[in-house]
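Compute the structure for the input listed below.
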Amino acid sequence: MILVTGATGNVGGKVLSLLRADGHKVRALTRDPAKAAFDTGADLEVVAADLGRPETLPAALDGVQKVFLMSLGANKATHDAHLVAAARKAGVEHIVQLSTLGVEMAEDPKKNPLGHWHRVAEDALRESGVPWTILRPNGFMSMNLGWAASVKAEGVARGPLADVPEAIVDPRDIAEVAVRALTEEGHEGRVYELTGPQALTGREQLAVLGSLLGRDLRFETVPLAAHREMMLRHFSEETVNGVITTLEEAIEHGSELHGRLSPDVQRVLGRAPRSFATWAHDHLDFYRA
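Numbering: from 1, shown residues only. Got it, this is the predicted structure:
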């Protein structure tokens, strides 16, 4: 049995689907099964549990051999530690943890809170004694779906990072690497940095999208204060403040790390990572007026 946390999310949902397609029996962890739209079947169990409530985790882990572990935001270190501790007691054989590329920049938590949260979460897993694999993806291509409404209505995309090159990665590639790590031998004790095949700025990403749509699109840089207010509609203040601090550092000093290309998707999957053009082509309907 493989437990998938974040099973309704962008990566976790894909991990769940791929595992089921490969014939594996899976258990999806969600805080509210009534709101989760899973395709039912004999290969799928759905369990109500919350990484923030450790007393709910032993039942979720009963009979589980492997775990895909992901959580987000300022509570990541605590939530991951809860799951790891419960998994150790349950005799789980392997945990594949979703982290972030920013861990390498996390020496100073005041400058990079986002990376620091993930570093503490990684440390909890490494020190647990449970065999592990850590995935450190760059930014997700799917974050650009946030442009869809303004591209449709105005031909404009808005964001705080117009000119910082990033080798963003397709979430489908992250999910495929996670599934390989969960189902194949030889991935224990490995850290995989997952990037796309090309570093593109926000303006360059928008130009690719515009070319595919046959439209002239314009990028408007959003001040971080405005971006913060937008994020507060969806995330806690602590999480938002951490992300904004990390963005300030990237804007002020640039980010060679996030523009760096990694060979790890190719090494694990035996093929090049999907390009942004491929991702955009596959999601054009979201942007069409």
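
only C-alpha atoms for contact and neighbour calcs from this point on.
OK.

okay, and for the protein, where does confidence drop off?
For the chain, the stretches flagged by pLDDT under 70 are 105-113, 242, 248-257.

what about the strands in it?
Shown for the chain, the strands assigned by DSSP state E span residues 2-4, 26-30, 44-48, 66-69, 94-98, 132-137, 156-159, 190-194, 218-221.

What strands line up against the second one, and which way round?
Based on DSSP bridges, the pairing partners of strand 26-30 within the sheet are strand 2-4 (parallel), strand 44-48 (parallel).

of all those, which lies closest to Pro197?
strand 2-4 (27.3 Å; CA to CA).

May I have stretch 207-214 as PDB, with CA atoms only?
Extracted in PDB, the C-alpha atoms of stretch 207-214 (Å, rounded to 0.1, in the frame of the first residue of the first chain):
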ATOM      1  CA  ALA A 207       6.100  35.400 -25.300                       C
ATOM      2  CA  VAL A 208       6.000  31.600 -25.800                       C
ATOM      3  CA  LEU A 209       2.400  31.500 -24.700                       C
ATOM      4  CA  GLY A 210       1.500  34.400 -27.000                       C
ATOM      5  CA  SER A 211       3.200  32.800 -30.000                       C
ATOM      6  CA  LEU A 212       1.100  29.600 -29.400                       C
ATOM      7  CA  LEU A 213      -2.100  31.700 -29.100                       C
ATOM      8  CA  GLY A 214      -1.300  33.900 -32.000                       C
END
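
Counting neighbours, which bits of that stretch end up buried?
207-210, 213 (16 or more other CA atoms under 10 Å).

All the helices of the stretch 51-200 of the chain, residue numbers only.
Secondary structure of the stretch 51-200 of the chain (DSSP state H, counting those that start in this stretch): helices at 57-61, 76-90, 113-126, 148-154, 171-183.

Name the residues that touch the second one?
Residues from elsewhere that reach helix 76-90, judged by CA atoms under 8 Å, 6 or more residues apart in numbering: 51-52, 54, 57-58, 61-64, 69-71, 117-121, 124-125, 128-130.

Got a quick ChimeraX command for the buried subset of the residues you listed?
Selection of the buried residues among those in ChimeraX, burial being defined by 16+ other CA under 10 Å:
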select :51,52,54,57,58,61,64,69,70,71,117,118,119,120,121,124,125,130
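
Could you check how far Leu69 is from Leu261?
In this structure, Leu69 lies at 24 Å from Leu261, with CA to CA, to the nearest Å as the measure.

Which of the buried residues of stretch 207-214 fall in helices?
Of the buried residues of stretch 207-214, the ones assigned to helices by DSSP state H are 207-210, 213.

Closest to Ser17 out of those residues?
Closest to Ser17, out of all of these and judged by CA to CA, is Leu209, at 27.2 Å.

Test my guess that the closest one contacts Ala280.
Yes - between Leu209 and Ala280 a contact is recorded at 6.2 Å, counting by CA atoms under 8 Å.

still on that earlier bit, columns distance to Gly159 on top of the ones in helices among the buried residues of stretch 207-214, output as JSON lines?
Below are those laid out as JSON lines (distance: CA to CA, whole Å):
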{"residue": "Ala207", "distance to Gly159": "14"}
{"residue": "Val208", "distance to Gly159": "16"}
{"residue": "Leu209", "distance to Gly159": "15"}
{"residue": "Gly210", "distance to Gly159": "16"}
{"residue": "Leu213", "distance to Gly159": "20"}
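
Deepest in the core, which of the strands paired with strand 26-30 is it.
strand 2-4 (a mean of 25; mean count of other CA atoms under 10 Å).

Show residues contacting that strand.
Contacts for strand 2-4 (CA under 8 Å, 6+ apart): 12, 15-16, 24-29, 60-61, 64-69.

Try it again at 10 Å.
With contact meaning CA atoms under 10 Å, 6 or more residues apart in numbering, strand 2-4 is reached by 12-13, 15-16, 19, 24-30, 44-47, 60-70, 92, 94-96, 182-183.
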